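> Using only what follows, build the 3D model:
(one chain, ligands or ions: 1)
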Amino acid sequence: MRSAWITLACLLGAYVAFSRFRAWRRLAHVPGPKIAGFTDLWLIYKTWRGSLFEDLGEVCKRHGPLARIAPNHVVCGDPREVRRLWAVRSQFDRASWYKGFRLDPPNDCTLSMCDADIHTALRAKLAPGYGGKDIVGLHEHIDEGIARFVQLLEDKYLSTPDQVVSVDFSRKVQYMTLDIISKIAFGGAFGFMDNDADFFRYIKTTEDTIPMMQMFALIPWLVDMLQGPLGKTMMPTERDAFGLGPIMATAKRVVAERFGEKKVDKPDMLGSFVRHGLDQREAESESLVQIIAGSDTTATALRTIMTHVMTNLDVYRRLQAEIDQGIAEGRISTPITDAEARKLPYLQGCIKEGFRIWPPITGVMPRISGEDATVCGVHIPAGTNVAWSAHAALRDREVFGADADFYRPDRWVRATEEQYRLMDNCVDLCFGSGRWGCLGRPVATIELNKMVPELLRRFDFAALNTERPIVNKFHGVLIQQDLIVQITKRA
Ligand code: HEM
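Have a look, this model is predicted:
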């Protein structure tokens, strides 16, 4: 009996070893960390550890622009190739990794949809709302949100010559972005700033959940299990008192008002979605997507910009001088308009450098092709996941120069028209590209164009934790904490 067990174990071992060897051989010609050729654990571990952004950059530095990071995953660090892979007419589509981001499994939302035709049809219904044209008062809603934030800082968090008041800016800015996006999305702010608290632990819960989602997305059988009947019992529901639950409940309630006999039509994003043909279930999912995709991303971009401005005296002085001069010369209104902000070259440089240095979304975002392909001159068999390295692409020295690792807004101010376009095309990748690219980019751009000048015209900011001004965790989505600052009112 014992020998039968031993034989069985040996056979099983041989089978596992053979299948690993076969999987390894398929992409044996692609260089990369040795262990990554045999197991997904390397990639999963880096995602869990929160160092994925840097680690993928390091892999591309060491092994070249195309490297292997798992048995069936390669990573591309060449921004021109990434653009080509993500282009509208590319042979590559979203890989099944995206299925890990279903909010209401087995139903898909824009973030998780892999079927290109269904996705295109859905996008057509969403695009007018996201583009902003259908939303009455979009700019005013953003102005009101920023004004409420300014008031919050003035009421509670100003330091004086007699006393330092420390404030965790990383949290507060997310209260602002959550209130702004909910106002734009459903016509009513959640009230994070009024409560001045993460009052149903939404931020804490998403910070805890996102790393897990990014990790699970790499394990297809686990995604299937979690999204099956048993796993669904662990998913958030609108009955939950904390986390995503209250947001789901709000989305369900607000969406219900827009359907049925006495349906209400409002000039907000949801109203636009419904007018363009979203059904009730789709509207519920897409409302959640707006909040999930549109609050921490913008908050992260703002934190990154402010952290780099605060910790570099030259950058700080020049940005503030550009804003002050614009005000003195009547080129900046109160509040600043998006059009005015776009004409401030140094501000634009600061914003673009922020996206480049620490992009808010740094996940692998793999694409897959049903046919063999060539990427970076290397043969890639059909069915291989082709990820990108945001670190390698956005710090490419051929595009950004020898100091690509550093935050230098001047590179945008001094660039020739051609250089500017080249760099811009590269930084655009932070929002994805082509038919899968970010729909909320116009909204995020207006928000940042307004937020940075409105804050710097009124206040001075200083990072208090000089050893480590902010804590960054790159779990595929950049999670930032502990940006502890001192804020003083400018004379
Ligand atoms: C700084 C801000 C932002 C960044 C860096 C960002 C980045 C991204 C990225 C990388 C993707 C995935 C693209 C892909 O799969 O290839 C995405 C998708 C998406 N984002 Fe954003 N985003 C930002 C802000 C927003 C905002 C404010 C909203 C909502 C108002 C939003 C809504 C969406 C939606 C709906 C999608 C799915 C698009 C689709 O699949 O068709 N994003 N975003």
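
> What residues does the stretch 51-200 of the chain have near the ligand?
By C-beta under 6 Å from any ligand atom, the residues of the stretch 51-200 of the chain that approach the ligand are Thr110, Leu111, Arg123, Ile181. The C-beta positions use only the backbone N, C-alpha and C, and glycine is treated the same way.

> Go again with 5 Å.
Contact residues, the stretch 51-200 of the chain versus the ligand (C-beta under 5 Å from any ligand atom): Thr110, Arg123.

> Leaving out sequence neighbours, find the closest residue to the closest residue to the ligand within the stretch 51-200 of the chain.
Going by C-beta to the nearest ligand atom, the ligand is nearest to Thr110 of the stretch 51-200 of the chain, at 3.9 Å. Leaving aside its sequence neighbours, Thr110 sits nearest to Val289 (C-beta to C-beta, 6 or more residues apart in numbering; 5.7 Å).

> Same check on Pro442?
Gly132 (5.3 Å).

> Quick one: low-confidence residue ranges for the protein.
Scanning the chain for pLDDT under 70 picks out no residues.

> correct me, but the residue nearest to Thr110 touches Arg102?
No. In this structure, Val289 is not within contact of Arg102 by C-beta atoms under 8 Å, at 10.9 Å.

> between these two, what contacts are shared?
Counting by C-beta atoms under 8 Å, 6 or more residues apart in numbering, the common neighbours of Val289 and Arg102 are Cys109.

> quick one on the thing from earlier: if I look at the residue nearest to Thr110, how far off is Leu319?
For Val289, the distance to Leu319 equals 33 Å [C-beta to C-beta, to the nearest Å].

> How about Thr205?
When C-beta to C-beta is the yardstick, Thr205 and Leu319 sit 34 Å from each other.

> So those two - more neighbours on which side?
Leu319 (22 against 18; other C-beta atoms under 10 Å).

> my hunch is that the more buried one is in a strand, does that hold up?
No. Leu319 is assigned helix when assessed by DSSP: H, G, I helix; E, B strand; the rest coil, not a strand.

> and it, what is it in contact with?
Leu319 is in contact with Val309, Tyr346, Leu347, Cys350, Pro409, Val452, Leu456, counting by C-beta under 8 Å, 6+ apart.

> out of those, who has the most neighbours?
Cys350 (28 neighbours).

> count of residues packed around the residue of the stretch 151-300 of the chain found nearest the ligand?
Taking C-beta to the nearest ligand atom as the measure, the stretch 151-300 of the chain has Gly294 as its residue closest to the ligand, at 2.8 Å. Counted with other C-beta under 10 Å, residues neighbouring Gly294 total 25.

> I figured it hits Ile446, correct?
No. Using C-beta under 8 Å, Gly294 is not in contact with Ile446; the gap is 11.9 Å.

> Quick check: the residue of this structure nearest the ligand.
Nearest residue of the chain to the ligand, counting by C-beta to the nearest ligand atom: Gly440, 1.9 Å away.

> burial measure for that residue, as a count.
For Gly440, the tally of surrounding residues (other C-beta under 10 Å) stands at 21.

> hmm, back to that, same list, the contacts of Leu319, but as a markdown table with distance to Ile69 please.
Below are the contacts of Leu319 laid out as a markdown table (distance: C-beta to C-beta, whole Å):
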| residue | distance to Ile69 |
| --- | --- |
| Val309 | 34 |
| Tyr346 | 37 |
| Leu347 | 36 |
| Cys350 | 32 |
| Pro409 | 32 |
| Val452 | 35 |
| Leu456 | 40 |
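
> Looking at these, spot the one nearest Met234.
Distance to Met234, by C-beta to C-beta, is smallest for Val452 among those, at 39.8 Å.

> For that closest one, what are phi and psi?
Dihedral angles of Val452 (phi, psi; degrees, to the nearest 10) stand at phi -60, psi -50.

> One more: Phe474?
phi -100, psi 80.

> on that earlier part again, any figure for the gap between the residue of the chain closest to the ligand and Ile357?
Distance check for Gly440 against Ile357: by C-beta to C-beta, it reads 21 Å.

> what do you get for His308?
Distance, His308 to Ile357, by C-beta to C-beta: 7 Å.

> Comparing these two, which residue is more hemmed in?
Using other C-beta under 10 Å, the more surrounded residue of His308 and Ile357 is His308, with 22 against 19.

> Just the element for the more buried one, please.
With elements taken from DSSP states H and E, the one containing His308 is helix 296-310.

> Kindly report the same for Val485.
Going by DSSP H and E, Val485 is part of strand 484-489.

> Now that strand: buried residues?
Ile484, Val485, Gln486, Ile487 (16 or more other C-beta atoms under 10 Å).

> got the residues of the stretch 351-491 of the chain near the ligand?
Pro360, Ile361, Cys430, Phe431, Gly432, Trp436, Cys438, Leu439, Gly440, Val443, Ala444.

> beta partners of the residue lying closest to Asp40 once chain neighbours are set aside?
Nearest in space to Asp40, with sequence neighbours left out and distances taken as C-beta to C-beta, 6+ apart, is Ala70 at 4.7 Å. When assigned by DSSP bridges, Ala70 has beta-bridge partners His73.
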